[in-house]
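K.L.:
give me a model of this one.
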Amino acid sequence: MSELIEKVLSIQELLIARAMDEHHQGANDTFLELRNEIIAIKSLSQYIPSILKNSRSLDQFSEYLKYNFNSYQDCKNLIYNEFNELFDVLENLDTTPLDQLVISTLDKLSSDYIHQIWQKALERRNSDPEGAITIARSLLESTCKHILDDMQIDYGNAPEINHLYRLVSNELNLAPSQHTEKVFKQILGGCNSVVEGLGALRNKVGDAHGQGKKNFKPSARHAELAVNLAGTMAVFLFSSWNLKNE
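P.N.:
Residues are numbered from 1 along each chain as shown. Presented below is the predicted three-dimensional model:
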C-alpha cells in the first residue's frame, strides 16, 4: 500500500472517530497536516471528497454532521461513500503494472496520451520514485519505438534507449551532426545527453533491476526531474515526427 493511500486512510479514520464524538489529543493538527497535503495535489482535485474540501478542521466537520445527520451509522456511511472514488483512483495508481502505463499500440500515440502518461508518472514521484523513473524511461523508449515502427525501421529485439534515440534523431533530422549552427548542435547534443542519462538512471535506481548491498534510493525530486525530462523529450520527438508526416 502506498504512502499516499495510508495518509488518506488516516484522514478517513480521524473523521470517523470525530463522528463518534471521540476527541484525541493532537488529532486536529494531524488532520490539518494530512488534509493540506492531499488538497495540494492538483491532479487529485476532482476526486477529493467534498466533506474534506469543506472541513478545514475536525470541529468544522462536527458542526456539519450535527446539522445534517441523526445517527452514527449515517455519518459513517457518508464518510465511506465520499472517499470511495479517491481510493479507487489511488489504488489504480498504486497497482497498475508499469507495462500498462506505457504506449503499447500504434493507434494510442498522441500528444495528449504522452501528457497522460507523463502525469501518471508525476503522481507516483512521492509514493514510488523508483517506479516513476521507470515509467519515464519507458515512455521515451515507447515513443521512439512507435516512430520507428511507423517509419518501418528495424531496431532489433532488445535495443538500448540510446540506440533507439540515435535512429529516431537521424530520421527526424535531430542529430547534432546534421546541423551546422553551433547553438543547434549544442541543444541537440544536450538532448543526446539527457537520453543517455535517463537510460543510466533507470538502470541504476529504477525498479526494473535488482540492486546490490549498496544502493541509491531516489527521492521525489530525482523522480520529478527524470519524469519531466523524459516527458519533454517524448513530446519533442512526437511533434517533430508529426511535422515530418505533415
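
K.L.:
can you tell me the SS state at residue 170?
P.N.:
helix (DSSP: H, G, I helix; E, B strand; the rest coil).

K.L.:
measure it to residue 41 for me?
P.N.:
To residue 41, residue 170 is 40 Å away according to C-beta to C-beta, to the nearest Å. (C-beta placed from N, C-alpha, C; glycine too.)

K.L.:
likewise residue 14?
P.N.:
Taking C-beta to C-beta, one finds residue 14 at 18 Å from residue 41.

K.L.:
those two: who's more crowded?
P.N.:
residue 14 (20 against 14; other C-beta atoms under 10 Å).

K.L.:
over to the residue in the chain sticking out farthest from the centre: give its phi and psi.
P.N.:
Going by C-alpha atoms, centre = their mean, the residue of the chain most distant from its centre is residue 70, 40.9 Å out. When quoted as degrees, to the nearest 10, the phi and psi of residue 70 stand at phi -110, psi -20.

K.L.:
check the spacing between it and residue 78 real quick.
P.N.:
12 Å.

K.L.:
which elements pack onto the longest helix along the chain?
P.N.:
Criterion DSSP state H: the longest helix present in the chain is helix 220-245. Judged by 3 or more C-beta pairs under 8 Å, 6 or more residues apart in numbering; DSSP states H and E, helix 220-245 is in contact with helix 111-123, helix 129-150, helix 161-171, helix 182-205.

K.L.:
most tightly packed of those?
P.N.:
helix 129-150 (a mean of 24; mean count of other C-beta atoms under 10 Å).

K.L.:
and the helix or strand that contains residue 79, what's buried?
P.N.:
Using DSSP states H and E, residue 79 sits within helix 72-95. Going by neighbour count (16 or more other C-beta atoms under 10 Å), the buried part of helix 72-95 is 75, 78-79, 82-83, 86-87, 89-90, 93-94.

K.L.:
quick one: it to helix 129-150, angle?
P.N.:
Helix 72-95 and helix 129-150 are oriented at 50 degrees to each other (axes from the mean of the first three to the mean of the last three C-alpha atoms, to 10 degrees).

K.L.:
about what we covered before: among the buried residues of helix 72-95, which one sits closest to residue 59?
P.N.:
Residue 59 has its nearest neighbour among these in residue 75, at 15.0 Å by C-beta to C-beta.

K.L.:
please name the nearest non-neighbouring residue to the closest one.
P.N.:
In this structure, residue 75 finds its nearest non-sequential neighbour in residue 19, 4.0 Å apart by C-beta to C-beta, 6 or more residues apart in numbering.

K.L.:
domain-wise, how is the chain divided?
P.N.:
Per automatic domain parsing, the structural domains of the chain span 3-95, 98-245.

K.L.:
would a markdown table of those domains with mean pLDDT be doable?
P.N.:
Shown next, in a markdown table, are the domains of the chain (pLDDT from 0 to 100):
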| stretch | mean pLDDT |
| --- | --- |
| domain 3-95 | 85 |
| domain 98-245 | 82 |
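
K.L.:
quick one, what contacts the most centrally placed residue in the chain?
P.N.:
Centroid check for the chain by C-alpha atoms, centre = their mean gives residue 121 as the closest residue, at 2.2 Å. Counting by C-beta atoms under 8 Å, 6 or more residues apart in numbering, residue 121 touches 101, 132, 135-136, 139, 223, 227, 230-231.

K.L.:
from residue 231, how far off is it?
P.N.:
7 Å.

K.L.:
common neighbours of the two, please.
P.N.:
136, 139.

K.L.:
related to what we said a few turns ago, quick one: the helix holding residue 79 to chain centroid distance?
P.N.:
Relative to the chain's own centre, helix 72-95 is displaced by 21 Å; criterion: C-alpha atoms, centre = their mean, to the nearest Å.

K.L.:
pull that helix out as CSV, backbone CA atoms only.
P.N.:
Only the C-alpha atoms of helix 72-95 are listed here, as CSV (Å, rounded to 0.1, in the frame of the first residue of the first chain):
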residue,chain,number,x,y,z
TYR,A,72,-23.6,7.5,13.7
GLN,A,73,-24.2,4.9,11.1
ASP,A,74,-25.4,7.5,8.6
CYS,A,75,-22.3,9.6,9.3
LYS,A,76,-20.1,6.5,8.8
ASN,A,77,-21.8,5.6,5.5
LEU,A,78,-21.3,9.2,4.3
ILE,A,79,-17.6,9.1,5.0
TYR,A,80,-17.1,5.8,3.3
ASN,A,81,-19.1,6.8,0.2
GLU,A,82,-17.4,10.1,-0.1
PHE,A,83,-13.9,8.5,-0.1
ASN,A,84,-14.7,5.6,-2.4
GLU,A,85,-13.7,7.3,-5.7
LEU,A,86,-10.5,8.7,-4.3
PHE,A,87,-9.4,5.3,-3.0
ASP,A,88,-10.3,3.8,-6.4
VAL,A,89,-8.0,6.3,-8.1
LEU,A,90,-5.1,5.8,-5.7
GLU,A,91,-5.3,2.0,-5.7
ASN,A,92,-5.3,2.1,-9.5
LEU,A,93,-2.1,4.2,-9.5
ASP,A,94,-0.6,2.0,-6.9
THR,A,95,-1.3,-1.4,-8.5
